[in-house]
Each structure stands twice: as structure tokens, then as C-alpha cells.
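Colleague: Show me the folded form of this:
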Amino acid sequence: MSANANAGAGGSPASAGATLVLLTLGAGQFLMTLDTSVMNVAIATVADDVGTDVTGIQTAITLYTLVMATLMITGGKVGALIGRKRAFALGCVIYGVGSFTTAIAPSLPVLLLGWSLLEGIGAALILPAIVALVAANFGPEGRPRAYGLVMAAGAVAVAVGPLIGGLFTTYLSWRLVFAGEVLIVLGILVLTRRLQDEPAGSRRRIDLVGVVLSAAGLGMAVFGVLRSSMWGWVDAKPDAPALFGVSAVLWLILGGMCLIGLFFEWESRLEKRGGEPLVRPSMLRNAQLLGGLRMFFFQYFVQSGVFFVVPLFLSVSLGLSAIDTGIRLLPLSVTLLIAAGGIPRYRPKANPRRVVRLALVAMFAGTVVLLAGIDEDASAEIVAVPLLLLGLGIGALASQLGSVTVSSVPDELSPEVGGIQNTATNIGASLGTALAGSVLIASLTATLVAGIDKNPAVPPDVRAKADVQLAAGVPFLSDADLEAGLAEAGVTDDAASAIVEENAKARLRALRGALAVIAIVAALALLSCGGIPTRQPGSEAVAEAERGPPDLQEALV
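Modeller: All right, here's what the predicted structure looks like:
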């Protein structure tokens, strides 16, 4: 363990720079999450500026997630080999170059290079290093609060990202967000010298076979999940790629799982031979580590699913602007920060398993309250209480899970844990967004087509066209956008009004269906807390340190 971690019984760094350490690592976590939430509200504007369409920008978002997910384990191993602090700084440099490239991107290929590739590579180095650097800079007693605040910074970025994106896109330019990131990266690099670090690993070789197998396996599986709403999970949608009549999504996921299986088989053999594996499979037999990873997966599944559905409800169903949508999401940030910082501060010895269960109850309750509140008469105010509950749950999980996973292994393995942990969060986020989106589009399509078929105000020829043109999936459109599209198609006013009314009903039902799936997953998470410890990590070590060495205790007796 580093000298800094041992410096104080309270688990704070020895120097007075604990706040700067948290600020540095929290800023890194914030930046890694900010991009996607900003881009989600600026898609149309960005598409116009770089000469592409919405599909092109969605491809960039998908590839950014994909690059991070495929390289996260490798990024953790690089940190173990060259040093966590050096990996963090290197990642910041790459990320900063990517942000600058994105800010000046004149076309989609340059945007893909800057944002999807360079920023994705930078994030894959930074995120695992953050996990390891918290362990290196804080002792066991201080880690829950430190992890809580650092991880909360990422969740806050999800909540305030739409507000920041809306403000800049509406009044200035989305490019200034990425230019501002360059300045923040420079500030982080200046503060990085305050970070303490464990010595770099003695071995300088990296498992290239493991890198290829893990990247290919995770890449195929995550890409399949991300394309599920467009291609279909099992039955291929019209014009979607298929093999033997089965959607390419299923084949990608199955192929990815097979490669991941080969990856772990290779890693097991390498570990038994005394080699340097990318991931030590023996770590994954640790019940506490597995319990923490499982909770990270569920947290990000629910969190990402809700953040996919709620902005759609506010911006599309209710017609709120990007700025107003961002403001409505702020209650989550408030309770998130209170829980993430307050629980470790005021209840430092709280039972982690109990905190995690209460957090999941809060997230489940928030999802159910939101599900119950969305109806034809719903206004924007109905999201306030659910978001307060969700913020409490996310913040409480953030206060516990990082410390749970890292404390389950020796400190020298913390970068590897960081890579696996962030892989779990990326898969959870990808699957949460994809499944919510898939259920949303499937429900919207089925309900709208059925409603049009049964509505007498819609002429038979329009019904027939709708059955054919909507078979691949109905886009989630506002009333105004749908009315404009129907007018361009030459649909009569009476028929258009009927279709808009049916679409509004189908839209609400689709939102409720997506939330129902998220609520079910939150309930399943409640049944999966077995690996979470019942005592705070490090509490026994601290108690021993306070009691003194055994021989001294015997002499005193």
C-alpha cells in the first residue's frame, strides 16, 4: 500500500491536498461521461455542422461506447505496467487531443477520429486508473467516501450534460463544449502531480492474445446489443442483416460470448503457467468482487435505461426544450451528491449490504413511481419525486461499490479491478439503453399499427401503407414532427389528426413498457446482493491498528 494511504487513520492523504486529489479524479470521471449526454441533445445540430445525418451521429455515439468497452480491460493492464498515474496522464493527453479534434471537426470522419476513437482510447486508460488511484491515495477508512464522490461526478455529468449541451447548442456552439474539455484536461494534468501512486509493475510484457480476444469478444457482443433496436434481437427487421433468417444481433452476441469464453480459457492457462495474464481468472472466484461487479452492472443498466426514457418523455412527449429538459433532471444530481458524500461521512461504518439494498429499493421505487405517473394528463412535474429517489439510490451505490470491489483484492491488482469494473459498467449501460430502446420501439410500433388499423378515421389505403412502411419500426416522434411528416406525405387533415392521436397513445404506452422492463431488472438486482460484505472494507484492519500489535497487547495484559 502507498505511503499516502497509510498516512492517516482516517484514510485521508497525508498532505492537505485530499480535496485536490478528489477534484482531479472527479473531474476525470465527469469528463468521461459528459460527452455522450451532451451529444444526445445536440444530435441534429452536430449532424448539420459536419455534413451528415442523425444516423451518422448515432454511429459516432455507438463507436465511442464500443471503443471504451473493448479496451477497458487492456487499459487497466497498461496502468499496472507503466504506473496508474502515468496511464492517467497519458489517457488525459489522448483524450484532450480527441476533444480538440472533435471541436474543429469539419466532417463525420474527423468526428469519428476525434470523439469515437481518440476519446474512447483515452477513456479506456483514464477510468481504470481512477479506480486504482483512489486506492493509492486513500486508506481503507477514507475510500468509501472518496469512491462515492468520484463516482458521483460521473453520474452528475449524466444529469447536467443535457443542460450544458442545451445551453451551448442553443446560444453558442456545441464545439465550445469540446474546446472547454481541452482546458479542463490541461487543468487536470497540472493537478496530476499531486497524486500518489503505487510502483509500476516489474513485468513489461502485455498479453497480446488476451488483448485481441477480449477486444474482439466484447466488441462483437456490445455492438450487437447497441444495434438491437435497429436490427431486431432474434427476428431481423426489414432490410436488416440476417443469417439463416436470424438477426445479425443474436449472431454477434453469441460470437462475442464464444470469444470471451476463449479469452478466459487462455487467461487461465497463462496464469497457471506463471505468465502475466490480462485478467487473472482466479480473481473472479472472489465472491465479494463478483458481488460488486454484479451491482455495478445493475446500477448502470437501470441508470442508463432511465436516462434514455426520461429525456424522451420530457423532450418528445411534452415538447420541452433541451434546456428545460436538463433543468428537470437536476433533482437527481442533488440527492445523488447528498447520498454519495453524506453516507460515508455520517455513517462511515454502515453495513454495505444494507446500504446497497436500500439503494436498490430507492431506485426500484423511483422507477415504479415514474411508471405510474406517466399518463395522458402527465406534466413535467411528475419526474421530480422519481428522480429524487433515483438520485438517492445511485448516490448510495456510488458510496459503497468502488470500495467493495477494490478492497476484495490486494492493492497491486486494483488497476485490473478498475478495468473489469468499468467493463461491467459499460456493458450494463449498453444493455440498459439497448433493451429500453428495443422495448420502446417494439411497443410503439405494435400499438401504433394496431391503433391505425382500428381507427375508422384513417382511410384503408393509408392503413395499408402504414402497415408496410412502419413494419421496420416507428420512430419516436413528437406530435409536431409527425404532423409535418404526414403533411409532406399528402395525408388528409382528418386522417393525420387520427394518426397523431394514436401516436400519442402509443408513445405513452411505449414509455411505460420500457420503464416496466427497467423496474423488473431493478427488482432482480435486489435478489443479487449476496456477495456484498456486511462490514465496511478495511474496518477490521483499522481496528487492529488501533489495538496495536498482538505482542504489545499481551504485554499490556
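Colleague: can you give me the helices in the stretch 101-250 of the chain?
Modeller: 108-111, 120-137, 143-171, 175-191, 208-226, 228-231, 248-272 (DSSP state H, counting those that start in this stretch).
Colleague: Tell me which of these sits most buried.
Modeller: helix 120-137 (a mean of 28; mean count of other Cβ atoms under 10 Å). Glycine gets a C-beta too; all of them are placed from N, C-alpha and C.
Colleague: What average pLDDT does that one get?
Modeller: Here helix 120-137 scores 87 as its mean pLDDT.
Colleague: tilt between it and helix 175-191?
Modeller: Angle, helix 120-137 to helix 175-191, by axes from the mean of the first three to the mean of the last three Cα atoms, to 10 degrees: 40 degrees.
Colleague: Check which helices and strands helix 120-137 is in contact with.
Modeller: Counting contacts by 3 or more Cβ pairs under 8 Å, 6 or more residues apart in numbering; DSSP states H and E, helix 120-137 packs against helix 18-41, helix 54-82, helix 84-103, helix 143-171, helix 401-406, helix 414-454.
Colleague: gap between it and the chain center?
Modeller: Its chain's C-alpha centre and that of helix 120-137 lie 15 Å apart, by Cα atoms, centre = their mean, to the nearest Å.
Colleague: hey, which helix or strand in the protein has the poorest pLDDT?
Modeller: The weakest-scoring helix or strand in the chain, judged by mean pLDDT, DSSP states H and E, is helix 550-556 (a mean of 36).
Colleague: and the gap between residue 34 and residue 301?
Modeller: Distance from residue 34 to residue 301, counting by Cβ to Cβ, to the nearest Å: 20 Å.
Colleague: residues contacting the closest residue to residue 174 other than its chain neighbours?
Modeller: Leaving aside its chain neighbours, residue 174 sits nearest to residue 42 (4.4 Å; criterion: Cβ to Cβ, 6 or more residues apart in numbering). Residue 42 is in contact with 165, 168-169, 174, 322, counting by Cβ atoms under 8 Å, 6 or more residues apart in numbering.
Colleague: How about residue 338?
Modeller: 391-392, 395.
Colleague: so which one among the residues you listed has the lowest pLDDT?
Modeller: Among the contacts of residue 338, residue 395 carries the weakest pLDDT, at 88.
Colleague: roughly how far apart are that residue and residue 37?
Modeller: Residue 395 sits 17 Å away from residue 37, going by Cβ to Cβ.
Colleague: With residue 335 instead?
Modeller: The value you get for residue 335 to residue 37, if Cβ to Cβ is used, is 18 Å.
Colleague: what about residue 385, distance to residue 109?
Modeller: Using Cβ to Cβ, residue 385 is found at 45 Å from residue 109.
Colleague: Residue 389 too?
Modeller: Following Cβ to Cβ, the distance that separates residue 389 from residue 109 is 43 Å.
Colleague: Ok, residue 426 next?
Modeller: Per Cβ to Cβ, residue 426 is found 24 Å from residue 109.
Colleague: Over to residue 371?
Modeller: 41 Å.
Colleague: ok, now residue 24?
Modeller: Remark: distance between residue 24 and residue 109 (Cβ to Cβ) = 33 Å.
Colleague: Quick check: buried residues in stretch 38-51?
Modeller: Residues of stretch 38-51 classed as buried: 38-43, 45-47, 49-50 (neighbour count, 16 or more other Cβ atoms under 10 Å).
Colleague: Give me the below-cutoff pLDDT ranges for the stretch 401-550 of the chain.
Modeller: Scanning the stretch 401-550 of the chain for pLDDT under 70 picks out 411, 458-459, 461-477, 489, 538-550.
Colleague: 50 instead, please
Modeller: Low-confidence segments of the stretch 401-550 of the chain, defined by pLDDT under 50: 541-550.
Colleague: And the helices and strands packed on helix 120-137: which comes nearest residue 306?
Modeller: helix 414-454 (8.2 Å; Cβ to Cβ).
Colleague: Between helix 84-103 and that closest one, find me the angle.
Modeller: For helix 414-454 against helix 84-103, the angle by the same axes, to 10 degrees is 40 degrees.
Colleague: Could you check how far helix 414-454 is from the centre of its chain?
Modeller: Going by Cα atoms, centre = their mean, where helix 414-454 is centred and where its chain is centred differ by 12 Å.
Colleague: Number the chain from 20, please
Modeller: In the new count, where the first residue is 20, that last one comes out as helix 433-473.
Colleague: Would you mind measuring from the residue nearest to residue 41 when sequence neighbours are not counted to residue 281?
Modeller: Counting by Cβ to Cβ, 6+ apart, residue 41 lies nearest to residue 168, which is 5.6 Å off, once chain neighbours are set aside. From residue 168 across to residue 281, the span is 39 Å (Cβ to Cβ).
Colleague: What of residue 262?
Modeller: For residue 262, the distance to residue 281 equals 21 Å [Cβ to Cβ].
Colleague: Now do the contacts for residue 336.
Modeller: 497, 523, 526-527, 530 are the contacts of residue 336 under Cβ under 8 Å, 6+ apart.
Colleague: please redo it, this time with the cut-off set to 10 Å
Modeller: 393, 397, 399, 495, 497-498, 523, 526-527, 529-530 (Cβ atoms under 10 Å, 6 or more residues apart in numbering).
Colleague: ChimeraX command for the buried members of those residues?
Modeller: To isolate the buried ones among the contacts of residue 336 in ChimeraX, judged by 16+ other Cβ under 10 Å, type:
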select :393,397,399,495,497,523,526,527,529,530
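Colleague: which ones among the contacts of residue 336 are found in helices?
Modeller: Members of the contacts of residue 336 lying in helices (criterion: DSSP state H): 498, 523, 526-527, 529-530.
Colleague: Which of the residues you listed sits closest to residue 346?
Modeller: The closest of the ones in helices among the contacts of residue 336, once distances to residue 346 are taken by Cβ to Cβ, is residue 530, at 20.0 Å.
Colleague: quick one: the closest one from residue 473, how far?
Modeller: 21 Å.
Colleague: just residue 321 next, same as before
Modeller: Distance, residue 321 to residue 473, using Cβ to Cβ: 35 Å.
Colleague: Which one's more surrounded, these two?
Modeller: residue 321 (27 against 10; other Cβ atoms under 10 Å).
Colleague: and the next element down the chain from the helix or strand containing that one?
Modeller: Assigned by DSSP states H and E, residue 321 belongs to helix 306-331. Toward the C-terminus, helix 306-331 is succeeded by helix 341-347 as the next helix or strand (DSSP H and E).
Colleague: ok, residues contacting that following helix?
Modeller: Residues outside helix 341-347 that contact it (Cβ under 10 Å, 6+ apart): 56-57, 59-61, 64, 178-190, 329-335, 337, 339-340, 399-403, 406.
Colleague: again, 6 Å this time
Modeller: For helix 341-347, the surrounding residues in contact (Cβ atoms under 6 Å, 6 or more residues apart in numbering) are 60, 181-182, 185-186, 330, 333-334, 399, 402.
Colleague: Among those residues, which has the minimum pLDDT value?
Modeller: Within the contacts of helix 341-347, the minimum per-residue pLDDT falls on residue 60 (69).
Colleague: what residues are up against the residue most central in space within the chain?
Modeller: The centre of the chain sits closest to residue 448, judged by Cα atoms, centre = their mean, with a distance of 4.3 Å. Counting by Cβ under 6 Å, 6+ apart, residue 448 touches 319, 323.
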